[in-house]
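Asker: structure of the sequence below:
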Amino acid sequence: MQPPILYSLRNCPYAMRARIAIYKAKQKIELRDVVLSDKPPEMLEASPKGTVPVLVLPQEGDNARPQIIEESFEIMQWALGQSDPDNLLHCHDENILPQMVSLINQFDNEFKTRLEQYKSAKRYREANVAEQRQACEHYIQLLEQRLTQHAFLFSDKESFADIALVPFIRQFARVERQWYLQAPYPHLRQWLNNYLQSKMFSKVMAKYPLWLESRELILFDCN
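Answerer: Have a look, this model is predicted:
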């Protein structure tokens, strides 16, 4: 049976967390790396919105249409719905999942906007870099506080929320590297470093030929 197809962009944090969830769920997919300045017609046919990630599930039955999943959060849910060997959804406690979803939504809807403003201020050498950074720090402090209590965001076990947020915290850490290394967030730094130095992250961030140029079949899984 043909595996699902993931259209992805290597450094996009949304595509990154989709790949992390697929890796953690031990799912095998066909990975098609793209650049948004040259989008494959097949990707646009599947998802006219033209952003990544896009997951195309194989059709079931002769007349069925492929199912398209266009949002990273939903791709993560799909992957962990197939298999969750590390219990990232913390299914033993039904109260935790809504809390994880709430935290993810807060970062997706609030922090990400402030992070883009911070990145832009640094890139264009605007006078309000510190102000934009401080707007981000409100959210960073929330994570630091959680990580002073346990190794991961919700307990001493990794969760759905950890893998959903880590690509965005990676971006934050790279804006003003020297400031970040001396900032009062030691637990956050340790948490992030553990991910960046992991086998999982090396696999998720491996560089592949652009699919539109090579048409090479790249199978991505946890091996």
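
Asker: find the nearest non-adjacent residue to residue 87, please.
Answerer: Distances taken as CB to CB, 6 or more residues apart in numbering place residue 157 nearest to residue 87, at 7.1 Å, with adjacent residues excluded. C-beta: built from backbone N, CA, C; applies to glycine.

Asker: tell me how far residue 37 lies from residue 9.
Answerer: Going from residue 37 to residue 9 by CB to CB, to the nearest Å gives 11 Å.

Asker: show me which of those two is the more surrounded one.
Answerer: More neighbours sit around residue 9 than around the other of residue 37 and residue 9, counting by other CB atoms under 10 Å; the figures are 16 against 5.

Asker: now do that one against residue 110, distance only.
Answerer: Shown here: residue 9 relative to residue 110, a distance of 23 Å by CB to CB.

Asker: before we move on, the earlier item: relative to residue 131, how far out is the residue nearest to residue 87?
Answerer: Noted for residue 157: a distance of 37 Å to residue 131, by CB to CB.

Asker: please point out which parts of the helix or strand hosting residue 79 sit buried.
Answerer: Assigned by DSSP states H and E, residue 79 belongs to helix 72-82. Of all the residues in helix 72-82, those buried under the rule 16 or more other CB atoms under 10 Å are 72, 73, 75, 76, 77, 78, 79, 80.

Asker: out of the residues you listed, the closest to residue 187 would be?
Answerer: residue 76 (23.9 Å; CB to CB).

Asker: now do the SS call for residue 49.
Answerer: The assignment at residue 49 comes out as coil when based on DSSP: H, G, I helix; E, B strand; the rest coil.
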